[in-house]
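Visitor: Just a sequence and a predicted model for now, questions to come.
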Amino acid sequence: MALQIAQDPTADRVLAEHPFALLAGMMLDQQYPMEHAFRGPAKVLERLGTFDPSAIADTDAEEFAALCAQTPAIHRFPGSMAARLQELARVVVDEYDGDAARIWTEAASGADLLKRIQGLPGFGRQKAQIFTALVAKQLGVRPDGWERAAGDYALEGHRSVADVVDGDSLQKVRDFKQAAKAAKKAASAG
């Protein structure tokens, strides 16, 4: 299955061909529209000429921040996200020999996968659960117990990026998030 998370053929191809790009897109998916966050790796690839974690980790921090801030920037907070992306690249290089796919392909169980992802810069429990669901649903990597590890994000429906397969499903995820936000607001007001 071809990824269609970024809703841009070039950016989606980068996500499909570079496991570190998929991981980085997920890391960038905060306080920024989902599809734009997942376009960030393609922007870095175009500007740096590679999306190899070693090259990203080894690039001068100021140079990398400037590259990430070029219009269109990789995120609405390009400086802090550039630093976090380099930190993520260093962890992938140091702990997984530069092969981000090892994070999920070598996980012994869903709990192990969740723990591995939560140990990454920029990944709290919720984001780790979403990414666990994403690799299971979109990449077909389903270690034993992935459903428990992913929690509600393993359920059928349109709850997160794990469920985005086209423009229609992206809109359904947005609708779900808006409804959840409205329900939370109503509950706190009542």
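Guide: Sure thing, it's come through. Numbering: from 1, shown residues only.
Visitor: Excluding covalently adjacent residues, which one is nearest to residue 10?
Guide: Spatial nearest neighbour of residue 10, excluding adjacent residues (CB to CB, 6 or more residues apart in numbering): residue 42 at 5.6 Å. The C-beta positions use only the backbone N, C-alpha and C, and glycine is treated the same way.
Visitor: Can you report how many residues lie near the closest residue to residue 125 other than its chain neighbours?
Guide: Distances taken as CB to CB, 6+ apart place residue 118 nearest to residue 125, at 6.1 Å, with adjacent residues excluded. Using other CB atoms under 10 Å, residue 118 has 16 neighbouring residues.
Visitor: residue closest to the middle of the protein?
Guide: residue 26 (1.1 Å; CA atoms, centre = their mean).
Visitor: ok, and what's touching the strand or helix carrying it?
Guide: Using DSSP states H and E, residue 26 sits within helix 19-28. When contacts are defined by CB atoms under 8 Å, 6 or more residues apart in numbering, helix 19-28 is touched by residues 3, 5-6, 14-16, 37-42, 44-45, 51-53, 74-75, 81, 84-85, 88-89, 92, 99-101, 103, 120-123, 127, 130-131, 134, 161.
Visitor: quick one, helices of this protein?
Guide: 9-17, 19-28, 34-37, 40-48, 53-58, 61-69, 78-96, 102-105, 110-118, 125-139, 146-150, 167-189 (DSSP state H).
Visitor: which of the ones you listed sits most buried?
Guide: helix 19-28 (a mean of 26; mean count of other CB atoms under 10 Å).
Visitor: and that one with helix 9-17, angle?
Guide: 110 degrees (axes from the mean of the first three to the mean of the last three CA atoms, to 10 degrees).
Visitor: what mean pLDDT does helix 19-28 have?
Guide: Averaging pLDDT along helix 19-28 gives 98.
Visitor: Wait, the residue nearest to residue 125 touches residue 130, no?
Guide: No. Here residue 118 does not reach residue 130: they are 11.5 Å apart, not a contact under CB atoms under 8 Å.
Visitor: Can you list the low-confidence ranges for this structure?
Guide: 1 (pLDDT under 70).
Visitor: go again using 50 as the cut-off
Guide: Across the chain, nothing is flagged by pLDDT under 50.
Visitor: I'd say residue 88 and residue 103 touch.
Guide: No. The criterion here is CB under 8 Å, and residue 88 misses it with residue 103 at 10.8 Å.
Visitor: Give me the common contacts of these two.
Guide: With CB under 8 Å, 6+ apart, residue 88 and residue 103 have common neighbours 23, 120.
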